[in-house]
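>>> Need coordinates for the below:
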Amino acid sequence: MEGKNLIKVFQVVLFFFFFILLARLFQLQIINGSKNRFLAENNRGLKNILPAPRGLIFDRHGEILAQNEPVFFIQENGKKQSITRDESLKRQAEGEETKIFFERKYLDGENFAHLLGYLGEVNDIELKEDKLELKGYYPGSLIGRGGVEMQYESLLKGRDGSELIEVNTAGRLVRRINQVLPEQGKTLTLSVDKRLQETAAREMKNRKGAVVASIPQTGEILIFYSSPSYDANIFMDEKKHEQLVDLINDEEKSPFLNRVIAGLYPPGSTFKIVTSIAGLEEGKITEDTLINDPGVITVNDYQYSNWFFTQYGRTEGEINLARAITRSTDTYFYKVGERLGAQKLIFWAKKFGLNEKFGIDLPSELSGFIADPEWKEKTRGEKWFLGNTYHLAIGQGDIDLTPLGVNMMTSVVANSGKICLPRALRIGAENTPYKAECRDLGIKKEYLEIVKKGMVGACSSGGTGYPFFNFKPQVACKTGTAETGDGKTSHAWFTVFAPACPRQSADFGEVMPACEPEIVLTVLVERGGEGSSVAAPIAKEILKEYFRE
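Predicted coordinates for the structure are as follows:
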């Protein structure tokens with residue numbers, strides 16, 4: 001009896017099991033049949049991103065600086081495995097799906113790293129907060145970091161394509177359902193000259209510093225080199241990860257610091273260009289004003305000396321402005337600064353734009369810094385003394401400029417009194433040449449000629465720029481040796497434009513033909529020593545290359 005009851009219970013359970021199974025099959029095949037067939041078919045469809053090659057980057061002469069190299073790969077166990085182009089073609093012929101992306105290649109990666117920048121993957125924060133997904137980016141997308149790559153990302157990026165493919169259960173390609181081809185990024189032509197850039201890199205010999213050159217009438221950048229540099233290709237090579245980490249942690253050399261636009265240094269005697277213009281414009285001196293060089297000026301318990309007296313125990317005697325620029329006579333400019341007063345001197349420094357960004361079309365530019373009495377009182381709780389004005393008049397003390405700033409300051413003399421917006425891009429995406437944007441500072445042309453005459457003298461016999469004695473064509477220059485504050489080292493500066501043809505030659509007698517300067521070049525070597533012996537020889541080799549026939 002009990003056995004029969006167990007059989008009945010088992011039959012009831014079995015009946016309900018089959019009932020539930022049949023009901024589930026009815027639901028899947030009849031009620032949701034069309035929906036499930038659609039899902040099953042679409043499970044065999046895969047959507048691939050077809051990455052767009054970035055735009056190419058050329059120098060002003062059509063020399064390629066950045067290009068793309070195709071890399072073929074397959075996905076195995078969630079990891080990319082690179083394969084050759086031939087292997088990719090073979091696999092595709094056999095119906096196996098392979099993928100491609102375009103690896104950025106910098107042909108002269110170390111020489112142009114700070115100018116061009118590099119690429120890096122977008123992160124989750126950028127995708128979310130900057131809404132990059134709406135701009136065509138996705139996890140794994142590359143984006144410009146620094147330099148031209150970052151500044152002109154929207155032009156260089158291009159537009160990714162996509163394709164919908166059908167694969168079988170083994171993952172092999174059955175057919176391509178739909179395809180949208182990618183659009184390559186725009187080609188950019190920069191104003192930089194590859195040949196001059198390479199010369200600058202060679203002559204700097206990995207010393208800390210910067211070289212920048214521009215066309216004075218337009219602001220186009222011819223050289224943009226920060227030293228020491230790094231190979232921008234390192235960011236694309238996973239095998240060099242440890243090397244990259246070492247570079248990042250190298251605080252001594254700081255290779256990622258863009259010294260051209262983000263390095264701040266006291267300008268030293270190069271700033272005497274501003275002091276000279278200020279003295280003339282404010283009527284505190286004239287072309288013929290004579291000031292005696294006593295070798296040392298004593299104010300209370302402090303002494304302010306001239307380099308000629310400190311090194312050789314000699315004085316210049318009574319000299320005019322042009323001669324003071326030629327000989328870089330500190331005592332002359334102390335007195336000009338005293339006659340001007342701090343506020344007028346600072347006013348003219350700001351009129352040159354030295355306390356602001358110059359607006360170069362590259363990221364990370366820093367403003368120059370020029371202290372004033374209010375800043376000193378507020379920051380240090382100290383009054384502004386005459387000695388502070390003395391120091392400012394010769395580019396020392398609480399004043400810091402970028403190498404680009406010194407280059408722009410020099411351009412004012414070269415281009416008859418204008419500040420032109422510095423630009424790295426020469427020809428943009430629409431094949432439109434760069435149009436110069438300049439503002440006139442309103443400086444009298446005769447005053448600029450006086451300063452130019454002194455700068456021609458500086459690079460002529462008897463001046464401070466001795467490496468350029470007898471250099472052809474004639475140049476106008478200013479040396480600078482800026483104290484660093486440690487009492488042992490100094491920054492070496494040299495800023496120059498060429499050719500230089502003032503109304504009169506350096507001997508203040510012979511009339512010379514007019515000409516228009518073609519290049520303004522500025523060299524800085526950090527803690528390198530004297531500008532005349534360290535920075536000037538670098539500039540000489542660059543100008544020799546520039547004027548080479």
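>>> residues in contact with Phe494?
465, 477-480, 522-523, 531-532, 535-536, 538-539 (CB atoms under 8 Å, 6 or more residues apart in numbering). Every residue, glycine included, has its C-beta placed from N, CA and C.
>>> same thing with Lys47?
Per CB under 8 Å, 6+ apart, neighbours of Lys47: Ser162, Glu163, Leu164, Ile165.
>>> thinking again about what came up before, next step: the contacts of Phe494 restricted to strands.
With DSSP state E as the criterion, strands contain Cys477, Lys478, Thr479, Gly480, Thr522, Val523 from among those.
>>> now, which of the residues you listed sits nearest Arg85?
Nearest to Arg85, judged by CB to CB, of these is Val523 at 44.9 Å.
>>> Name the nearest residue to Gly62, ignoring sequence neighbours.
The shortest distance from Gly62 to any non-neighbouring residue, by CB to CB, 6 or more residues apart in numbering, is to Thr189 (7.6 Å).
>>> What is the neighbour count of the one you found?
Around Thr189 there are 20 other residues, counting by other CB atoms under 10 Å.
>>> With Leu89 instead?
Neighbourhood size, Leu89 [other CB under 10 Å]: 13.
>>> Distance from the chain centre to the strand or helix carrying it, please.
If you go by DSSP states H and E, Leu89 is part of helix 85-93. Helix 85-93 sits 41 Å away from the centroid of its parent chain (CA atoms, centre = their mean, to the nearest Å).
>>> Mind giving me the packing neighbours of the next helix or strand after that helix?
Next helix or strand after helix 85-93 toward the C-terminus (DSSP H and E): strand 99-106. With contacts defined as 3 or more CB pairs under 8 Å, 6 or more residues apart in numbering; DSSP states H and E, strand 99-106 has these neighbours: strand 64-76, strand 118-121.
>>> what's the offset of strand 99-106 from the middle of its chain?
24 Å.
>>> Report the buried residues of it.
Using 16 or more other CB atoms under 10 Å as the test for burial, strand 99-106 gives Lys99, Phe101, Phe102, Glu103, Arg104, Tyr106.
>>> for stretch 535-549, same thing?
Within stretch 535-549, judged by 16+ other CB under 10 Å, the buried ones are Ala535, Ala536, Pro537, Ile538, Ala539, Lys540, Ile542, Leu543, Glu545, Tyr546.
>>> and it, C-alpha only, in PDB?
The C-alpha trace of stretch 535-549 is given here as PDB (Å, rounded to 0.1, in the frame of the first residue of the first chain):
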ATOM      1  CA  ALA A 535      75.600  81.100 -24.400                       C
ATOM      2  CA  ALA A 536      77.100  83.200 -27.200                       C
ATOM      3  CA  PRO A 537      79.100  80.300 -28.900                       C
ATOM      4  CA  ILE A 538      75.900  78.300 -29.100                       C
ATOM      5  CA  ALA A 539      74.100  81.200 -30.700                       C
ATOM      6  CA  LYS A 540      77.000  81.600 -33.200                       C
ATOM      7  CA  GLU A 541      76.700  78.100 -34.400                       C
ATOM      8  CA  ILE A 542      73.000  78.400 -34.900                       C
ATOM      9  CA  LEU A 543      73.300  81.600 -36.900                       C
ATOM     10  CA  LYS A 544      76.100  80.200 -39.000                       C
ATOM     11  CA  GLU A 545      73.600  77.400 -39.900                       C
ATOM     12  CA  TYR A 546      70.900  79.900 -40.500                       C
ATOM     13  CA  PHE A 547      72.900  82.000 -42.900                       C
ATOM     14  CA  ARG A 548      74.700  79.100 -44.500                       C
ATOM     15  CA  GLU A 549      74.300  79.200 -48.300                       C
END
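>>> Flag the shaky bits of this protein, pLDDT-wise.
In the predicted model, the chain carries pLDDT under 70 at residues 1-45, 73, 77-79, 92-95, 97, 167, 169-174, 428-430, 502-514, 549.
>>> so is the most centrally placed residue in it in a helix, a strand, or just coil?
Nearest to the mean C-alpha position of the chain, by CA atoms, centre = their mean, lies Leu115 at 4.3 Å. Under DSSP: H, G, I helix; E, B strand; the rest coil, the three-state class of Leu115 is helix.
>>> host element of Val406?
Element membership for Val406, per DSSP H and E: helix 403-414.
>>> who does whichever helix or strand comes after that helix touch, helix- and strand-wise?
Going down the chain from helix 403-414, the next helix or strand is strand 418-420, by DSSP H and E. Packing partners of strand 418-420 (3+ CB pairs under 8 Å, 6+ apart): helix 403-414, strand 438-440.
>>> Mean neighbour count added to those, as CSV?
Below are the helices and strands packed on strand 418-420 laid out as CSV (neighbours: other CB atoms under 10 Å):
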stretch, mean neighbour count
helix 403-414, 27
strand 438-440, 13
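>>> Tell me which of the ones you listed sits nearest to Leu142.
Among these, helix 403-414 comes nearest to Leu142, with 28.2 Å by CB to CB.
>>> For the residue nearest to Phe224 when sequence neighbours are not counted, give its distance to Leu362.
Leaving aside its chain neighbours, Phe224 sits nearest to Leu115 (4.5 Å; criterion: CB to CB, 6+ apart). According to CB to CB, to the nearest Å, Leu115 and Leu362 sit 7 Å apart.
>>> can you list residues touching both of those two?
Common neighbours of Leu115 and Leu362 (CB under 8 Å, 6+ apart) are Gly147, Val148, Ala424.
>>> His114 is in contact with the first one, correct?
Think Gly147. Yes. Between Gly147 and His114 there is a contact under CB atoms under 8 Å: 6.3 Å.
>>> who's in contact with Glu282?
Leu340, Lys344, Trp348.
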